[in-house]
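Participant: sequence first, predicted model second:
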Amino acid sequence: MAMAIPIPSRQLFINGEWREPVLKKRIPIVNPTTEEIVGDIPAATAEDVELAVDAARQALSRNKGKDWSSASGAFRAKYLRAIAAKITERKSELANLETIDCGKPLEEAVWDIDDVAGCFEYYADLAEGLDAKQKAPVSLPMENFKSYVLKEPIGVVGLITPWNYPLLMATWKVAPALAAGCAAILKPSELASVYVLKFY
Ligand SMILES: NC(=O)c1ccc[n+]([C@@H]2O[C@H](COP(=O)([O-])OP(=O)(O)OC[C@H]3O[C@@H](n4cnc5c(N)ncnc54)[C@H](O)[C@@H]3O)[C@@H](O)[C@H]2O)c1
Ligand SMILES: NCCCC=O
């Protein structure tokens, strides 16, 4: 059974800071086990999405992309590994929140959090591997042409995730996006968002 732990009250996390939604709306959090309302989450609208997209675009082009989008995979992997370590450190707290939020047994939530940390590690490995694959030459039948493969992030990505493996499904989207050098805007399920707002 999940421990009774305080449910964090959160705003939207946009441009590195917590912001109240433009229309100031909130959605109640229902604990599926007891059907009690145990808190509320911010309800983003199109106005907030515009702000998030603008902030994400600016983040991608900051310092001509050198801060993130055109940094090496090895650089980005350090962040992914740091996130994995933080998840492992806070496993018990995160698993308890998941159980309160989506109603799954605590034991399963603990497995899921292990999976979350493993997923960040997996994409950290892939980010590191990306560097050696960059500018791989492509042979052409003409000597006066040179060609190579350059892998570039697609840019700002919008990530919409379901309620049943809350943090894990968010991670399946966030970790590869960050590994590739994208900027991500995550919209978790309105039925189970507490863990994501707590962690990210
Ligand atoms: N492939 C997988 O690994 C995997 C993992 C988990 C869940 N699922 C599947 O995903 C589905 C998720 O279940 P659910 O009950 O949370 O589904 P859902 O479609 O109600 O919600 C999923 C997400 O989509 C959003 N959404 C719904 N309608 C939208 C719209 N019109 N515009 C923008 N966003 C919208 C929701 O807010 C939520 O964040 C299930 O079918 C489940 O089996 C698949
Ligand atoms: N073990 C994770 C399964 C996620 C989707 O349903």
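Facilitator: Perfect, I can see it now. Numbering: from 1, shown residues only. Ligands and ions are numbered 1, 2, ... in the order given.
Participant: max-length helix in the chain?
Facilitator: Ranked by number of residues, the top helix in the chain under DSSP state H is helix 106-133.
Participant: pLDDT of it, averaged?
Facilitator: For helix 106-133, mean pLDDT rounds to 96.
Participant: and the helix or strand following that helix, which strands flank it?
Facilitator: Heading C-terminal from helix 106-133, the first helix or strand you meet, by DSSP states H and E, is strand 136-137. Strand 136-137 sits in its sheet next to strand 148-149 (antiparallel), going by DSSP bridges.
Participant: got a list of contacts for the helix or strand following the strand it pairs with?
Facilitator: Moving toward the C-terminus from strand 148-149, the next helix or strand (DSSP H and E) is strand 156-160. With Cβ atoms under 8 Å, 6 or more residues apart in numbering as the test, strand 156-160 has contacts from 53, 56-57, 60, 170, 173-174, 177, 182-187. In short, each C-beta sits where N, CA and C put it, glycine included.
Participant: ditto for stretch 162-170
Facilitator: 94, 98, 101-102, 104, 112-113, 115-116, 119, 159, 161, 186, 188-189, 191-193, 195-196, 199-200.
Participant: show me which pair in the contacts of strand 156-160 is furthest apart.
Facilitator: R57 and A170 (21.3 Å; Cβ to Cβ).
Participant: among these two, which residue is more densely surrounded?
Facilitator: A170 (26 against 13; other Cβ atoms under 10 Å).
Participant: just the pLDDT at A4, thanks.
Facilitator: 62.
Participant: identify the residue nearest the spatially most central residue of the chain in space, chain neighbours excluded?
Facilitator: Nearest to the mean C-alpha position of the chain, by Cα atoms, centre = their mean, lies V174 at 3.4 Å. In this structure, V174 finds its nearest non-sequential neighbour in A184, 5.4 Å apart by Cβ to Cβ, 6 or more residues apart in numbering.
Participant: next, the one you found: secondary structure please.
Facilitator: strand (DSSP: H, G, I helix; E, B strand; the rest coil).
Participant: shaky segments in this protein?
Facilitator: 1-5, 198-200 (pLDDT under 70).
Participant: from it, which residue is nearest to ligand 1?
Facilitator: Residue of the chain nearest ligand 1, by Cβ to the nearest ligand atom: P162 (3.1 Å).
Participant: what backbone torsions are found at that residue?
Facilitator: The phi/psi pair for P162 (degrees, to the nearest 10) reads phi -90, psi -180.
Participant: then V38?
Facilitator: Dihedral angles (degrees, to the nearest 10) for V38: phi -110, psi 0.
Participant: same check, this time on the one 10 residues further on
Facilitator: In terms of degrees, to the nearest 10, the main-chain angles of D48 are phi -70, psi -40.
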